[in-house]
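# I need the structure of the sequence given here:
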Amino acid sequence: MPEASPPVPERLIAGRYRLRTLVGQGSMGTVWEAYDEYLHRPVAVKEVRLPPGVPQAEADELRERTLREARAIAVLAHPNVITLHDVAREDGEPFVVMEYMRARSLADLIKSHGPLATAQAAAIADAVAAALQAAHQAGITHRDVKPGNVLVGEDGRVKLTDFGIARNVSERTMTRTGIMLGSPAFIAPEVATGDDVTPAADLWGLGATLFAAVEGRAPYDPDGEALATISAVVHGDIPQPESTGPLREVITALMVKDPNRRIDLAEMRRRIFPLLPEPDRPLFTTEEFHAPLPDEPEHDETDLIDPVSDAEAPAAPPTPPLAPDPGPLPFRTAPHRTTGRRRRTALARTFVVLTAIVLFVIATAAGFAATRTLGGKELLPPAAETGTNLLPGNTAPIREAELQLQPADASTLKGSRGGGFMVTAPKDWAKFVEQRENKSLLSSVRVHFVSPDGKNVLAVERFPMFFPGRTVRQYIDALRAGAGGQDFRTIEPRELPPRSATGEERPTQLDYRTAERGASSKDDQQAFARRTTFSQIIPLDADLWVISLTVPIEAENSGRDLFTKIAPMFMITG
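Now for the predicted structure:
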């Protein structure tokens with residue numbers, strides 16, 4: 001699949017849309033201020049970029065689906081919705097044409113001056129609720145309602161943007177069959193667990209957005225570890241607003257874990273109607289609207305999170321949530337860096353922006369993109385050192401749990417074929433799905449099953465279209481390089497019977513330990529071995545599959561026993 005061409009201004013798209021000014025760029029596209037030469041009006045144009053490594057057949061399917069679904073969403077016309085005008089083709093690639101509007105996001109306004117006044121928050125919530133009512137009546141569920149997707153114009157207009165185009169373009173996931181790249185601080189519990197998404201998910205998102213407007217902060221930490229945040233959303237107590245104002249009851253009625261118990265949009269609007277400002281009163285003064293963003297410390301996209309030592313770590317609760325620190329997973333996409341600075345772009349400093357467009361890009365690049373996964377880091381950070389050598393053969397047991405044969409999907413694109421599989425996994429291990437952009441290999445999709453304490457990870461990873469251009473040896477070399485050379489110690493490599501003919505490649509059992517060195521010299525072979533991974537590398541037709549179980553070194557024996565139960569039952573269903 002050819003790579004996207006570099007941004008070129010003054011291009012004429014579909015004989016109609018003249019690209020003028022580059023507004024922003026993200027991993028999934030480039031956004032332009034443009035001019036419609038047919039209707040003589042300014043528009044915003046999103047140049048869609050396909051995810052790297054997508055096979056040609058899936059890329060073609062994705063292009064067609066982008067056109068179909070975008071045009072379906074275009075039927076949604078409402079004064080509180082950023083309008084999708086068109087999806088055009090140029091050189092076979094889709095370009096999304098949207099309404100041009102100068103505005104600020106609610107997220108920026110909250111950053112500028114903290115909690116909003118009751119009338120301001122009520123007006124914004126009412127407008128978003130009206131937009132969602134129109135969407136739901138048209139059969140559209142937004143699924144990513146958050147302050148970053150709420151746009152406020154200086155004239156007081158409020159619009160909701162990003163009705164699924166970015167998700168339909170990439171369908172890249174962090175959990176499940178269903179949550180998109182977006183902030184886990186605002187997703188509904190049923191979305192986080194991968195259950196069927198209904199319009200009720202938008203009610204939770206609206207409640208969380210209203211929470212942020214009233215409190216001046218998100219209900220969950222938007223900068224925390226994604227898995228820890230998701231675990232808190234699913235298993236933790238629902239955050240309660242500290243404010244005792246009239247919107248508190250509305251927020252708590254929307255942020256209810258049971259989707260069927262959330263108040264509906266009509267009831268929500270009825271409750272806040274008395275709180276709305278006078279029609280002729282501006283929502284924000286000029287000074288408020290143009291208030292600068294507070295200075296924020298600059299940091300690199302690959303910040304290193306210092307591990308917490310056992311002595312500093314708090315005692316675990318009786319039933320701990322998913323730990324944010326279960327130790328390194330066996331494959332790294334980029335080396336850790338201890339320092340670095342991120343250049344803030346001019347766009348980040350701009351206070352009045354092209355709303356629909358910029359947020360369209362941010363919706364795909366922000367949120368989870370700010371987490372370790374898209375920053376080139378592991379899904380979970382390294383574990384803390386215990387300060388003693390952990391020798392192989394220790395027998396700390398893995399907590400027993402009922403094993404259950406579970407279906408899952410490692411497709412690059414939702415709805416595409418070839419990624420289905422069945423795996424036997426402990427029944428109470430949480431499932432998360434991650435799309436990985438590996439620099440040394442093709443992109444892959446990895447499905448994680450994580451134990452409740454976060455210490456053990458069962459993973460199934462699929463590299464589509466890996467063969468015939470690559471070899472199993474290249475995968476192992478990349479794995480070894482990512483683990484740090486001498487800190488990657490193979491235990492028992494051996495070939496396995498083939499599952500399907502794939503040239504000369506054969507399945508391989510690869511068990512290894514990962515270690516992290518202490519203060520000794522580089523040549524000192526004494527290292528802190530911390531994690532053991534049992535894996536099978538399986539070539540199947542054009543794809544490479546890897547099933548693995550990673551456990552703490554002290555649980556190596558019980559981990560081996562568990563893997564011998566899991567691996568033989570692994571089935572690829574396509």
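
# Three-state assignment for the closest residue to Arg16 other than its chain neighbours, please.
Leaving aside its sequence neighbours, Arg16 sits nearest to Tyr38 (CB to CB, 6 or more residues apart in numbering; 4.9 Å). The way it works is simple: take the backbone N, C-alpha and C, and place the C-beta from them, glycine included. Classification of Tyr38 using DSSP: H, G, I helix; E, B strand; the rest coil returns coil.

# and stretch 566-574, average pLDDT?
Averaged across stretch 566-574, the pLDDT comes to 90.

# could you do stretch 288-306 as well?
Across stretch 288-306, pLDDT averages out at 50.

# also stretch 514-524?
Rounded mean pLDDT across stretch 514-524 is 50.

# repeat that for stretch 410-424.
pLDDT averaged over stretch 410-424 gives 81.

# for Ile572, which residues make a bridge with it?
For Ile572, the beta-bridge assignment (DSSP bridges) gives partners Phe421.

# measure it to Ala542 for me?
Distance, Ile572 to Ala542, by CB to CB, to the nearest Å: 12 Å.

# now Thr532
Taking CB to CB, one finds Thr532 at 30 Å from Ala542.

# more neighbours, the two?
With neighbours defined as other CB atoms under 10 Å, Thr532 and Ala542 compare such that Thr532 has more, 27 against 15.

# surely that one and Gly559 touch.
Yes: counting by CB atoms under 8 Å, Gly559 is a contact partner of Thr532 at 6.1 Å.

# which residues do these two both contact?
Taking CB atoms under 8 Å, 6 or more residues apart in numbering as the contact rule, Thr532 and Gly559 both touch Val551.

# which helix or strand contains Gln435?
strand 430-436 (DSSP states H and E).

# can you list the strands that that strand pairs with?
Applying DSSP bridges, strand 430-436 is found paired with strand 444-450 (antiparallel).

# return the partner strand as PDB; C-alpha atoms alone will do.
C-alpha atoms of strand 444-450 as PDB (Å, rounded to 0.1, in the frame of the first residue of the first chain):
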ATOM      1  CA  SER A 444       0.300  -6.200  14.600                       C
ATOM      2  CA  VAL A 445      -2.800  -6.600  16.800                       C
ATOM      3  CA  ARG A 446      -2.300  -8.100  20.200                       C
ATOM      4  CA  VAL A 447      -5.100  -9.300  22.400                       C
ATOM      5  CA  HIS A 448      -4.200  -9.300  26.100                       C
ATOM      6  CA  PHE A 449      -5.800 -11.300  29.000                       C
ATOM      7  CA  VAL A 450      -4.600  -9.700  32.200                       C
END
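
# next structured bit after it?
Under the assignment DSSP H and E, the closest C-terminal helix or strand after strand 444-450 is strand 457-463.

# give the other helices and strands that that following strand contacts.
On a contact count with 3 or more CB pairs under 8 Å, 6 or more residues apart in numbering; DSSP states H and E, strand 457-463 meets strand 420-426, strand 444-450, strand 543-552.

# bridged to Arg489, which residues?
Going by DSSP bridges, Arg489 forms beta bridges with Arg513.

# tell me if I'm right that it and Asp511 touch.
No: taking CB under 8 Å as the definition, Arg489 is not a contact partner of Asp511, at 9.8 Å.

# and stretch 545-560, how far apart are its ends?
19 Å (CA to CA, to the nearest Å).

# quick one: the helices in the stretch 1-150 of the chain?
56-73, 106-113, 118-137 (DSSP state H, counting those that start in this stretch).

# right, and those helices - which one's nearest Arg446?
Nearest to Arg446 among the helices of the stretch 1-150 of the chain is helix 56-73; the distance by CB to CB comes to 17.3 Å.

# tell me the mean pLDDT over that closest one?
Helix 56-73 shows a mean pLDDT of 67.

# returning to what we had before: now the strand holding Gln435 against strand 457-463, angle please.
For strand 430-436 against strand 457-463, the angle by axes from the mean of the first three to the mean of the last three CA atoms, to 10 degrees is 30 degrees.

# thinking again about what came up before, how many neighbours does the residue nearest to Arg16 have?
When neighbours are counted by other CB under 10 Å, Tyr38 comes out with 10.

# flag every buried residue along stretch 431-449.
Residues 431-438, 441-449 are the ones in stretch 431-449 that count as buried (16 or more other CB atoms under 10 Å).

# now render the helices and strands packed on strand 457-463 as JSON lines, adding distance to Val158.
As requested, the helices and strands packed on strand 457-463 are exported to JSON lines (distance: least, CB to CB, whole Å):
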{"stretch": "strand 420-426", "distance to Val158": "42"}
{"stretch": "strand 444-450", "distance to Val158": "37"}
{"stretch": "strand 543-552", "distance to Val158": "46"}
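
# of all these, which one comes closest to Ala232?
Closest to Ala232 of the helices and strands packed on strand 457-463, according to CB to CB: strand 444-450, at 14.2 Å.

# what angle do the closest one and strand 543-552 make?
Angle, strand 444-450 to strand 543-552, by the same axes, to 10 degrees: 30 degrees.

# now strand 444-450 against strand 420-426, angle please.
With the same axes, to 10 degrees defining the directions, strand 444-450 sits at 20 degrees from strand 420-426.

# got a list of contacts for strand 444-450?
227, 322, 326, 379, 406, 408-412, 419, 423, 425-426, 429-436, 438, 456-464.

# Arg489 and Asp511: which has the busier surroundings?
Neighbour tally, Arg489 and Asp511, criterion other CB under 10 Å: the higher count belongs to Asp511, 21 against 17.

# low-confidence stretches in the stretch 301-450 of the chain?
Where the stretch 301-450 of the chain drops to pLDDT under 70, the residues are 301-397, 399-400, 413-415, 437-440.

# 50 instead?
Low-confidence segments of the stretch 301-450 of the chain, defined by pLDDT under 50: 301-394.

# next, the buried residues of stretch 75-82.
Along stretch 75-82, these residues count as buried under the neighbour rule (16+ other CB under 10 Å): Leu76, His78, Asn80, Val81, Ile82.

# thought Ala192 was touching Ala232?
No: using CB under 8 Å, Ala192 is not in contact with Ala232; the gap is 9.6 Å.

# now for these two: what residues contact both?
Common neighbours of Ala192 and Ala232, counting by CB under 8 Å, 6+ apart, are absent.

# what's the strand ranked longest in the chain packed up against?
If you go by DSSP state E, the chain has its longest strand at strand 528-540. Contact analysis of strand 528-540 by 3+ CB pairs under 8 Å, 6+ apart lists helix 472-483, strand 508-516, strand 543-552, helix 556-566 as its packing neighbours.

# what would these look like in a markdown table with distance to Ile110?
As requested, the helices and strands packed on strand 528-540 are exported to a markdown table (distance: least, CB to CB, whole Å):
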| stretch | distance to Ile110 |
| --- | --- |
| helix 472-483 | 38 |
| strand 508-516 | 39 |
| strand 543-552 | 39 |
| helix 556-566 | 45 |
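
# which of the residues in the longest strand of the chain are buried?
Residues of strand 528-540 classed as buried by neighbour count (16+ other CB under 10 Å): 528-540.

# cool, and stretch 188-199?
Ala188, Pro189, Glu190, Val191, Ala192, Thr193, Gly194, Val197, Thr198, Pro199.

# need the worst-confidence member of those residues.
Among the buried residues of stretch 188-199, Gly194 carries the lowest pLDDT, at 71.

# please report the distance of that residue from Phe432.
Counting by CB to CB, the gap from Gly194 to Phe432 is 9 Å.

# one step back: pick the most buried one from the helices and strands packed on strand 528-540.
Compared across the helices and strands packed on strand 528-540, strand 543-552 shows the largest average neighbour count, a mean of 24 (mean count of other CB atoms under 10 Å).
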